[in-house]
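In: Give me coordinates for this.
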Amino acid sequence: MTLLAEKVTYVPATGTLSALWLLLALPAAGAAILLLTGKRSEKWGPYLACAMTGLSFVLGVVFFFALKGLTNRSVDQHLFSWISVGRFQVPAGLLYDPLSATFVLLITGVGFLIHVYSLGYMDHDPRKKTFFAYLNLFIAAMLLLVLGNSFLALYVGWEGVGLASYLLIAFWYFKPEAATAAKKAFIANRVGDLGLSLAIMVMFAALGTTTYAGVFNSGVAGGTATAIGLLLLLGACGKSGQFPLQTWLPDAMEGPTPVSALIHAATMVTAGVYLIARSTPIFQASPDAQTVVTIIGAITLVIGCVIGCAYDDIKKVLAYSTVSQIGYMFLAVGIPGAGAIAILHLLTHGFFKACMFLSAGSVMHAMGDQVDMRRFGGLRKYMPITFGCFLTGYLAIIGLPPFAGFFSKDKIIEAAYDLHGTRGWILGTVALLGAGITAFYMTRLMVMTFLGEKRWTEGQHPHESPSVMTAPMVLLAIGSAVSGGLLVLGGALQNWLAPTLGPQVEVGAHTISPTVLTLLTLLVVAGGAAGAWFTYGTKPVLTTPPVAVTPLTVAARKNLYFDALNESLLMRPGQYLTRFLVWVDNRGIDGAVHALAAGIGGGSGRLRRTQTGFVRSYALSMFGGALLVVFALLAVRLGQ
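Out: Predicted coordinates for the structure are as follows:
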């Protein structure tokens, strides 16, 4: 049994594509040089890091067109034999196909713009060189994740991304909040990584291989496919901040803003979507696992929307919008035949969310690192470029035509409704309502930040950011405006991804006419935006939170108590288990050792007292021993 319509086959990399390894080598070399050369690279190190990422992007474009010219667009490059133990053979190699090629362009393209932006944003930071080294390390790990030709190679990149994200989130480690957020992200990702590692073990135990070709052509089905699919989903939830492991992602805002853009826009949080999309044949073999993916996505998008309405921290609002938008991607990637729509939203999200995060960083740069939107207002006049870029990202995320989000989010809502039956109506309605709530909290952010009266703290003088920061923002804004239309033109993206994700076909007859659904979605979005305008645009914005708030607002400001839930389910039991093991170690193992030592010491002390040093005592003991011998002999004799 083959899981796809055709058997998965890869052709060896030749010609231009034989240099695929350079995609990884360049940023990895940049990170190594910056970390090993010390102060000698303080001045030119950041520019080297930008150059390495930029060269990777140029190579990605060259390789993209080289791949496009091939008949079989799945190219495998063998590097060396990594593990060879009995029947466990793991080659180290790269897989370059339409899916990985798409991610390479996104990672290196958006990553390069974030590198350039960081030149201005981190200009006065004394550890700027180290920051750029970590950025290069992150890019290299992410490229390994999407280019590895096996689940085990993906896992190495997966862990590398986790390490680099920890270093970047904790870059300002002297801030307790940053150190705590980094540890929280690391631990939450370890929970998800356990699922991925177990999935790889099950693959080897059941199928004898971990390579993509070997797993996809193995004919795995039934309970094995479901078990692998659910374990892969657990790993994806950890890395992409999905329910129930989403709480680490907003706290990661404690890192520098370029890190927020890198992690929350185009790279780390999309790794889970890539994992599920790459594993399409496994999920095709397990409809139950596919259904769970859609449910997780629907729950997460609602959680992100609700909490995003309650925060006044501009970066946390954007973080929860990321949680919600990744939920849309999970919803789509779990719908049969809609994988390309999920990737479409992933690509458009990479543009508009990076644009908004960098614009938020520009606002913070101008406002003395202020993040409280209640202390903004009226910035449109003083930061016109930043306002224009953020406005473009805002129009894209709420799905207003012809901006990018319109072409991707509307398709997800349509695909959800096309799942006939109760499931389709529930998922479609959740996605539709999510679009309205997204319009509400994003309009709230726009109004509180750029419109209305000034609510600045004393001494603030906002100004436009330097061109090294605004230029990447403008390019991302252009992508936010046009990328959606270009990617769906003539079914370009669906046709491009079909060899990897399988035929991207209609789920069935439309439950609701696409035209009617589009108009309904725009009406819901307009309602959400209007509600935010009448709530925040026509009334003075309170600079302090009101005394009376609804229970839902209180819960949302406490992350819907998911932190407390995770502590109760994961952290507290671990603490109690640790305390019990410490008690067993102290009272049991150490107690037994100490008791044995004390017994030997005490017995030795008592025996030592018999050695008095007097001849008469030794003579008496010898006489007593002789009497015992005599009595023993007499007893034996009488017994005979």
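In: Can you give the distance of the biggest helix by length in the chain from its chain's centre?
Out: Counting by DSSP state H, the longest helix found in the chain is helix 176-207. Distance of helix 176-207 from its chain centroid, counting by CA atoms, centre = their mean, to the nearest Å, is 10 Å.
In: And it, what's buried?
Out: 178, 181-182, 184-189, 191-193, 195-200, 202-204, 206-207 (16 or more other CB atoms under 10 Å). Where you see a C-beta, it was placed from the backbone N, CA and C, and this is true even at glycine.
In: Repeat that for stretch 412-425.
Out: For stretch 412-425, the neighbour count (16+ other CB under 10 Å) marks 412-419, 424 as buried.
In: out of those, who's nearest Phe390?
Out: If you rank the buried residues of stretch 412-425 by distance to Phe390 using CB to CB, Ile412 comes first, at 23.5 Å.
In: which stretches of the stretch 351-500 of the chain form helices?
Out: Secondary structure of the stretch 351-500 of the chain (DSSP state H, counting those that start in this stretch): helices at 384-397, 404-417, 422-450, 467-488, 492-501.
In: Pick the most buried one from the ones you listed.
Out: helix 404-417 (a mean of 26; mean count of other CB atoms under 10 Å).
In: if we can go back for a sec, could you dump the buried residues of stretch 412-425 to TSV with distance to His124 and pLDDT?
Out: Below are the buried residues of stretch 412-425 laid out as TSV (distance: CB to CB, whole Å; pLDDT from 0 to 100):
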residue	distance to His124	pLDDT
Ile412	42	92
Ile413	45	92
Glu414	48	90
Ala415	47	89
Ala416	47	91
Tyr417	51	90
Asp418	52	87
Leu419	52	84
Gly424	53	87
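In: and the longest helix of the chain, what other elements does it pack with?
Out: Applying 3 or more CB pairs under 8 Å, 6 or more residues apart in numbering; DSSP states H and E, one finds that helix 176-207 makes contact with helix 151-169, helix 212-216, helix 222-240, helix 248-251.
In: list the helices and strands the shortest one packs on?
Out: Contact here means 3+ CB pairs under 8 Å, 6+ apart; on that basis helix 248-251 packs against helix 176-207, helix 314-333.
In: Kindly reformat those as a markdown table containing mean pLDDT and distance to Ala140.
Out: Shown next, in a markdown table, are the helices and strands packed on helix 248-251 (pLDDT from 0 to 100; distance: least, CB to CB, whole Å):
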| stretch | mean pLDDT | distance to Ala140 |
| --- | --- | --- |
| helix 176-207 | 89 | 18 |
| helix 314-333 | 91 | 23 |
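In: of all the ones you listed, which lies closest to Ser84?
Out: Relative to Ser84, the nearest member of those by CB to CB is helix 176-207, separated by 13.9 Å.
In: If I take that closest one and helix 151-169, what angle do their directions form?
Out: Angle, helix 176-207 to helix 151-169, by axes from the mean of the first three to the mean of the last three CA atoms, to 10 degrees: 180 degrees.
In: Count the residues that sit near Thr348.
Out: 28 (other CB atoms under 10 Å).
In: what's the spacing between the closest residue to Leu231 other than its chain neighbours and Ser279?
Out: Nearest residue to Leu231 in three dimensions, chain neighbours excluded: Ala199, at 3.6 Å (CB to CB, 6 or more residues apart in numbering). Using CB to CB, to the nearest Å, Ala199 is found at 9 Å from Ser279.
In: Find the residues that touch each one of these two.
Out: By CB atoms under 8 Å, 6 or more residues apart in numbering, Ala199 and Ser279 have these common neighbours: 228, 232.
In: if we can go back for a sec, the residue nearest to Leu231 touches Phe151, doesn't it?
Out: Yes: counting by CB atoms under 8 Å, Ala199 touches Phe151, with 7.4 Å between them.
In: Surely Lys285 touches Gly223?
Out: Careful, residue 285 is Ala and not Lys. No: look at Ala285 against Gly223 with CB under 8 Å: they stay out of range, at 10.7 Å.
In: What are the buried residues along stretch 518-525?
Out: 518, 521-522, 524-525.
In: Sketch out the low-pLDDT regions of the stretch 251-400 of the chain for me.
Out: Applying pLDDT under 70 to the stretch 251-400 of the chain flags residues 265-266.
In: could you pull out the helices for the stretch 1-150 of the chain?
Out: Under DSSP H, counting those that start in this stretch, the stretch 1-150 of the chain gives helices at 22-36, 45-68, 98-121, 128-147.
In: Let me see the contact set for Ala182.
Out: With contact taken as CB under 8 Å, 6+ apart, Ala182 is in contact with 166-167, 169-170, 173, 252, 254-255.
In: at 10 Å instead, please
Out: Residues near Ala182 by CB atoms under 10 Å, 6 or more residues apart in numbering: 165-173, 248, 251-252, 254-255.
In: From the contact counts, what lies against the helix or strand hosting Val516?
Out: Using DSSP states H and E, Val516 sits in helix 514-532. On a contact count with 3 or more CB pairs under 10 Å, 6 or more residues apart in numbering; DSSP states H and E, helix 514-532 meets helix 404-417, helix 422-450.
In: Out of those helices, flag the one nearest Phe580.
Out: Smallest distance to Phe580 across those (CB to CB): 41.9 Å, for helix 422-450.
In: roughly how far out does that closest one sit from the chain middle?
Out: With CA atoms, centre = their mean, you get 22 Å for helix 422-450.
In: okay, the angle between it and helix 514-532?
Out: Going by the same axes, to 10 degrees, helix 422-450 makes 40 degrees with helix 514-532.
In: Which other helices and strands does helix 422-450 contact?
Out: Under the contact criterion of 3+ CB pairs under 10 Å, 6+ apart, helix 422-450 touches helix 287-308, helix 314-333, helix 339-366, helix 384-397, helix 404-417, helix 514-532.
In: Determine the longest strand present in this structure.
Out: Ranked by residue count and defined by DSSP state E, the top strand of the chain is strand 75-85.
In: Buried ones in that one, by neighbour count?
Out: By 16+ other CB under 10 Å, the buried positions in strand 75-85 come out as 75-77.
In: possible to save the helices of the stretch 1-150 of the chain as CSV with mean pLDDT, mean neighbour count and distance to Gly602?
Out: Below are those laid out as CSV (pLDDT from 0 to 100; neighbours: other CB atoms under 10 Å; distance: least, CB to CB, whole Å):
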stretch, mean pLDDT, mean neighbour count, distance to Gly602
helix 22-36, 92, 20, 57
helix 45-68, 92, 19, 66
helix 98-121, 92, 25, 68
helix 128-147, 93, 26, 58
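In: Can you lay out those as a markdown table showing distance to Ile335?
Out: Listed next are these as a markdown table, based on distance: least, CB to CB, whole Å:
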| stretch | distance to Ile335 |
| --- | --- |
| helix 22-36 | 31 |
| helix 45-68 | 27 |
| helix 98-121 | 17 |
| helix 128-147 | 22 |
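In: between those helices, which one is nearest to Thr322?
Out: Closest to Thr322 of the helices of the stretch 1-150 of the chain, according to CB to CB: helix 98-121, at 13.8 Å.
In: who does the closest one touch, helix- and strand-wise?
Out: Helix 98-121 sits against helix 22-36, helix 45-68, helix 128-147, helix 257-261, helix 271-278, helix 339-366, helix 467-488, helix 492-501, with contacts defined as 3+ CB pairs under 10 Å, 6+ apart.
In: so what's the closest residue to Phe351 other than its chain neighbours up against?
Out: In this structure, Phe351 finds its nearest non-sequential neighbour in Gly479, 3.6 Å apart by CB to CB, 6+ apart. For Gly479, the contacting residues are 109-110, 113, 347-348, 350-352, 354-355, 392-393, 396, 404, 486, by CB under 10 Å, 6+ apart.
In: Hmm, Gly531 is touching Thr538, no?
Out: No: the pair Gly531 / Thr538 is not scored as a contact, 11.3 Å apart, by CB atoms under 10 Å.
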